[in-house]
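Student: After the sequence you'll find the predicted model.
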Amino acid sequence: MILTNSLRTKAAGMVFLLSLAAPAVLTAFPAAAKVLATVNGKQITDEDLALAADDLRSSLPPQADQKARDSYVLDYLINSELVAQKALADKADQTPEFAKKLAYYREKLLMEGVLEKVAKGAATDAAIKATYDEEIKKQKPETEIHARHILVGTEDEAKTALKRLMGGDEFEKLAKELSKDPGSEGGDLGWFTKDRMVPEFSDAAFKLDVGQVSDPVKSPFGWHIIEILDKREKTPPPFDQVKDQVSRYVVQKAQLAYVQDLRKGAKIELTTPPEPPKTDKPGTPAPAPAPGKK
């Protein structure tokens, strides 16, 4: 992650040589990284900061401004460098466990790099819009209703509530007074399709016309009095609202197809360890394997 002093000396020499070259050659090379801190001779640059910020983005304080986030990441890099230097001094990089982890994370980075390229190639605006249009065509017309209800514990309570409604009491006021559903303000359930509610409730509600009030309806939650406020055909969400979600779907689909294609052309052999031999008595030692067998 951090260049050694010898490499940085060579890099400085290269910059000097390039300063003598034609301007066209200079434009082909990026500007030198900006050094932000030095820890026992090791430099930490803005490139290191950008790399760490990307790696730590999910754990950075979301309410902090950019300056505070950069300060947090730089402090993290300084601490990491100090601990890493101590680990090298203790020869922690020479253990078998370190070698195994290094090999694992090397392959992980290689995999992520390839799949990132696949993602960039797949998630084009045209591909995302085409996927959205395709999914919209698959959706069948579906009715949704806007309803409200009064939920009580017994059938007698529901009948009493219905009688009061028929007598002129306001539905919203009565729901606030009687309903045991704390999640609905004045009994309002908003818009929903038939599959969003328990069958007993949905079957009764979707048979009603706009403005109609149901008889008492029993469900696993209690007894309901339902009023239908409006009905409409459900419309799909606009493209801009779900573009990010569709993009993730396109990326995941492309990456999965890429990996599956690699598996088709690969020789994969799964090996499972043999089950230990069964013994008649606890503590009986297992027999030794036959010569030449593993």
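Tutor: Received it, and whenever you're ready, just let me know what you need.

Student: just for the stretch 1-150 of the chain, where's the confidence low?
Tutor: Counting by pLDDT under 70, the stretch 1-150 of the chain has low-confidence residues at 1-31.

Student: all helices of the chain, in order?
Tutor: Ranges of helices in the chain, per DSSP state H, are 5-19, 23-26, 46-56, 66-89, 96-122, 125-138, 155-166, 171-178, 199-205, 239-264.

Student: looking at these, which is closest to residue 213?
Tutor: Ranking the helices of the chain by proximity to residue 213 (CB to CB) places helix 155-166 first, at 6.2 Å. Placement of C-beta: from N, CA and C, glycine included.

Student: what comes into contact with that closest one?
Tutor: Residues from elsewhere that reach helix 155-166 (CB atoms under 8 Å, 6 or more residues apart in numbering): 150, 152, 171, 174, 178, 213, 215-218, 223-225.

Student: Find the residue at the geometric middle of the protein.
Tutor: The centre of the chain sits closest to residue 248, judged by CA atoms, centre = their mean, with a distance of 9.4 Å.

Student: Of all the residues in stretch 123-136, which ones are buried?
Tutor: Going by neighbour count (16 or more other CB atoms under 10 Å), the buried part of stretch 123-136 is 123, 127, 128, 131, 132.

Student: Tell me the spatial nearest neighbour of the second one, not counting adjacent residues.
Tutor: Going back to what we said before, that points to residue 127. residue 250 (5.6 Å; CB to CB, 6 or more residues apart in numbering).

Student: residues touching the one you found, list them.
Tutor: Taking CB under 8 Å, 6+ apart, we find residue 250 in contact with 122, 123, 127, 128, 131.

Student: Save the residues you listed as a markdown table, and put in distance to residue 208 too.
Tutor: Below are the contacts of residue 250 laid out as a markdown table (distance: CB to CB, whole Å):
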| residue | distance to residue 208 |
| --- | --- |
| 122 | 46 |
| 123 | 45 |
| 127 | 43 |
| 128 | 40 |
| 131 | 37 |
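
Student: which one of the residues you listed is nearest residue 55?
Tutor: For the contacts of residue 250, the nearest to residue 55 is residue 123 (21.3 Å; CB to CB).

Student: Check whether that closest one really touches residue 247, as I assumed.
Tutor: Yes - counting by CB atoms under 8 Å, residue 123 sits close enough to residue 247 to count as a contact (5.1 Å).

Student: any common contacting residues for those two?
Tutor: Common neighbours of residue 123 and residue 247 (CB under 8 Å, 6+ apart) do not exist.

Student: Please name the residues that touch residue 121.
Tutor: For residue 121, the contact set (CB under 8 Å, 6+ apart) comprises residue 254.

Student: wait, residue 234
Tutor: With CB under 8 Å, 6+ apart, residue 234 has these contacts: 141, 142, 143, 144, 193.

Student: redo that, cut-off 7 Å
Tutor: Neighbour list for residue 234: 142, 143, 144, 193 [criterion: CB atoms under 7 Å, 6 or more residues apart in numbering].

Student: Out of these, which end up buried?
Tutor: The neighbour count (16+ other CB under 10 Å) marks residue 144 as buried among the contacts of residue 234.

Student: Including distance to residue 65, could the contacts of residue 234 go into a markdown table?
Tutor: Below are the contacts of residue 234 laid out as a markdown table (distance: CB to CB, whole Å):
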| residue | distance to residue 65 |
| --- | --- |
| 142 | 45 |
| 143 | 48 |
| 144 | 42 |
| 193 | 42 |
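
Student: which among the contacts of residue 234 gets closest to residue 232?
Tutor: Nearest member of the contacts of residue 234 to residue 232, counting by CB to CB, is residue 144, at 6.2 Å.

Student: Quick check: that closest one touching residue 229?
Tutor: No - Residue 144 is beyond contact range of residue 229, at 11.7 Å (criterion: CB atoms under 7 Å).

Student: Can you name the residues that contact residue 72?
Tutor: Residue 72 touches 60, 61, 64, counting by CB under 7 Å, 6+ apart.

Student: Count the neighbours of the first one for me.
Tutor: This points to residue 60. 15 (other CB atoms under 10 Å).

Student: same question, the second one
Tutor: By the other CB under 10 Å criterion, the neighbourhood of residue 61 contains 9 residues.

Student: just the last one next, same as before
Tutor: A count of neighbours around residue 64, defined by other CB under 10 Å, yields 12.

Student: for residue 48, same thing?
Tutor: When neighbours are defined as other CB under 10 Å, residue 48 has 22 of them.
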